[in-house]
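Chemist: Sequence first, predicted coordinates after that:
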Amino acid sequence: MQVSLSAFAYLFSELVQYCQSRVSHIGELERRLEEVGYGVGVRLLEVLCFRERGSRREVRLLDMLKFVHSTLWRYLFGRQARDLEQSNTAEDEYMISDYDLFVIKFVSVPKEMGHLNCAAFVAGVVKGVLDGAGFPARVTAHFVTVKDQPKPKTTILMKFDPSVMQREQRMPAS
């Protein structure tokens with residue numbers, strides 16, 4: 001199902017304004033956006049597993065990350081994410097990076113909330129998908145400046161629960 005970009009932009013803008021009217025600082029607003037995204041993510045997992053996979057769910061971490069990077073991203077943004085990488089410093093951290101997410105593109109941020117990152121909504125969606133699939137993780141959204149780029153890229157950082165990493169180590173190699 002396709003939703004027009006202008007309709008989504010309007011509804012998302014209203015969601016941000018609604019949440020903003022009920023909070024006192026940026027961190028709380030980002031947390032609220034993440035909570036809304038979480039509910040969307042849990043439901044999207046059910047829909048995408050049914051439509052794309054014939055109700056089959058991933059059990060391996062790397063396969064689940066590929067599902068988020070490609071299938072979920074394509075459903076949300078019409079294309080797969082630009083990068084999927086593992087952290088150089090921690091084996092339980094992975095990052096999905098992309099430019100020009102429309103949840104950031106069409107929201108004007110007031111000066112007093114200059115550091116607001118509306119990609120917290122996307123982080124919530126990813127967290128909902130991962131939690132619903134049995135891969136609990138702390139998921140956060142960050143802006144990362146890139147040399148010779150006018151706008152920063154958005155990075156969704158996923159730090160998986162130790163139980164996920166232990167389960168992954170116990171599973172036989174495929």
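Modeler: Done, it's in. Numbering: from 1, shown residues only.
Chemist: only C-alpha atoms for contact and neighbour calcs from this point on.
Modeler: OK.
Chemist: among the helices and strands of this protein, which has the poorest mean pLDDT?
Modeler: Here the helix or strand of the chain ranked lowest by mean pLDDT, DSSP states H and E is helix 102-105, holding a mean of 76.
Chemist: buried sites along it?
Modeler: If you call a residue buried by 16 or more other CA atoms under 10 Å, then helix 102-105 has these buried ones: 102-104.
Chemist: Quick one: list the elements packing against that helix.
Modeler: helix 5-20 (3 or more CA pairs under 8 Å, 6 or more residues apart in numbering; DSSP states H and E).
Chemist: mind listing what's buried in the helix it packs on?
Modeler: If you call a residue buried by 16+ other CA under 10 Å, then helix 5-20 has these buried ones: 9, 12-13, 16, 19-20.
Chemist: downstream neighbour of it in the secondary structure list?
Modeler: Per DSSP states H and E, helix 5-20 leads on to helix 26-53 as the next helix or strand towards the C-terminus.
Chemist: Show me which positions of the following helix or strand past that next one end up buried.
Modeler: Using DSSP H and E, the helix or strand that directly follows helix 26-53 along the chain is helix 61-66. Buried residues in helix 61-66, counted by 16+ other CA under 10 Å: 61, 64-66.
Chemist: C-alpha coordinates for helix 61-66, PDB please?
Modeler: What follows is helix 61-66, C-alpha atoms only, in PDB (Å, rounded to 0.1, in the frame of the first residue of the first chain):
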ATOM      1  CA  LEU A  61      21.000 -11.900  13.900                       C
ATOM      2  CA  LEU A  62      22.700 -11.100  10.600                       C
ATOM      3  CA  ASP A  63      19.600 -12.200   8.700                       C
ATOM      4  CA  MET A  64      17.400 -10.000  10.900                       C
ATOM      5  CA  LEU A  65      19.700  -7.000  10.300                       C
ATOM      6  CA  LYS A  66      19.500  -7.600   6.600                       C
END
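Chemist: residues in contact with that helix?
Modeler: Helix 61-66 is contacted by residues 58, 84, 130, 135, 164, 168 when judged by CA atoms under 8 Å, 6 or more residues apart in numbering.
Chemist: Weed out the non-buried ones from those.
Modeler: Buried, going by 16+ other CA under 10 Å: 58, 84, 130, 135, 164, out of the contacts of helix 61-66.
Chemist: Using a markdown table, lay out those together with distance to Thr155, secondary structure and pLDDT.
Modeler: Below are the buried ones among the contacts of helix 61-66 laid out as a markdown table (distance: CA to CA, whole Å; DSSP: H, G, I helix; E, B strand; the rest coil; pLDDT from 0 to 100):
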| residue | distance to Thr155 | secondary structure | pLDDT |
| --- | --- | --- | --- |
| Glu58 | 23 | coil | 83 |
| Leu84 | 10 | strand | 95 |
| Leu130 | 16 | helix | 97 |
| Phe135 | 19 | coil | 97 |
| Val164 | 21 | helix | 94 |
